[in-house]
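Undergrad: Have a look at this prediction, sequence included:
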Protein chains: 2
Amino acid sequence: MNQSAETVVRAFCDGWEQRDLERVLGLMAEDVAYQNVPQPVMQGRAQARRFIGPILRETRAIKFVVLNVVASEEAGLVLTERLDQLYYPSGLVEIPLMGIFVVRNGQIVQWRDYADSATVARGFASAGVKLTLDPAD
Amino acid sequence: MNQSAETVVRAFCDGWEQRDLERVLGLMAEDVAYQNVPQPVMQGRAQARRFIGPILRETRAIKFVVLNVVASEEAGLVLTERLDQLYYPSGLVEIPLMGIFVVRNGQIVQWRDYADSATVARGFASAGVKLTLDPAD
């Protein structure tokens, strides 16, 4: 039986907090579309891995503080207001944002986060962190 | 009897599209907290009026394209994914965003929109529009 859409998203956020890359990727569909709006859409789990892998590896802790969450199970939609906290050895990157997840058959097929790019850039700069991508296979 | 939270938010978006300032403000509580994250919170209907008034007056049309909306009526929460389109005589300002509304007793008491400030600034600059505030009373 499928888990509820909200359960999937909460497990996904927990996977980030555990910095468990395989668990995070396993909750995304093979053809997931993942976008940090207005950046380009990352198409598929392999692209998501290249982006997410270095973040989970280089942080020493992650907190996704879920301020508000509302789900429509009929539509497979989960909308969140969050404060994402990435604890790098060199400093904390804190990102206020909202995110939308579309869940089908227990997996995330679409994920879009809306944050202020200037806030994100300033956070990474002040922590002295350069976002990297894992090399393509 | 109170309308549903989602009905209030849809009427509010419609008020923007009608560019009907009194209708828009009437759906906000007197002590509404309105924030375009990460800008400072506007406290109260008078501050909201100073910000919203010039936008409704200077545009020739507004569309709030609601891409996704999910509500929790128990919690009085309405979360939206939208594409806001402000048609100024000099050009279109188009803002992809997510917004959260907290509704109590048929009025919006909190409204936070999350957009990329660089996208917003670029949009207004390319339309040649300078955001203004109405003078304080």
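TA: Received the coordinates, thanks.

Undergrad: Tell me where the model's unsure across chain A.
TA: A:1-2, A:137 (pLDDT under 70).

Undergrad: residues of the lengthiest strand in it that come out buried?
TA: Ranked by number of residues, the top strand in chain A under DSSP state E is strand A:91-104. Residues A:93-103 are the ones in strand A:91-104 that count as buried (16 or more other Cβ atoms under 10 Å in any protein chain shown). The way it works is simple: take the backbone N, C-alpha and C, and place the C-beta from them, glycine included.

Undergrad: Would you pull up how far that strand lies from the middle of the chain?
TA: Relative to the chain's own centre, strand A:91-104 is displaced by 6 Å; criterion: Cα atoms, centre = their mean, to the nearest Å.

Undergrad: Show me what it is packed against.
TA: Other helices and strands packing on strand A:91-104, by 3 or more Cβ pairs under 8 Å, 6 or more residues apart in numbering or on different chains; DSSP states H and E, are helix A:5-17, strand A:77-88, strand A:107-115, helix A:117-126, strand B:91-104, strand B:107-115.

Undergrad: These into TSV, with extra columns for distance to B:Ala136?
TA: Formatted as TSV, those follow (distance: least, Cβ to Cβ, whole Å):
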stretch	distance to B:Ala136
helix A:5-17	42
strand A:77-88	30
strand A:107-115	31
helix A:117-126	28
strand B:91-104	25
strand B:107-115	21
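
Undergrad: how about the residues of chain A near chain B?
TA: For chain A, the contact set with chain B under Cβ under 8 Å from any Cβ of the partner chain comprises A:37-38, A:68, A:70-72, A:75, A:77-81, A:96-100, A:112, A:114-119.

Undergrad: what about 7 Å?
TA: Counting by Cβ under 7 Å from any Cβ of the partner chain, chain A comes close to chain B at A:37-38, A:68, A:70-72, A:77, A:79, A:81, A:96-98, A:100, A:114-119.

Undergrad: Just the buried residues from those residues, in ChimeraX please.
TA: Filtering the residues of chain A next to chain B down to the buried ones (16+ other Cβ under 10 Å) takes a single ChimeraX command:
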select /A:37,68,70,71,72,77,79,81,96,97,98,100,114,115,116,117,119
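
Undergrad: rewinding a little: figure out which of the helices and strands packed on strand A:91-104 is closest to B:Ile52.
TA: Closest to B:Ile52 of those, according to Cβ to Cβ: strand B:107-115, at 10.7 Å.
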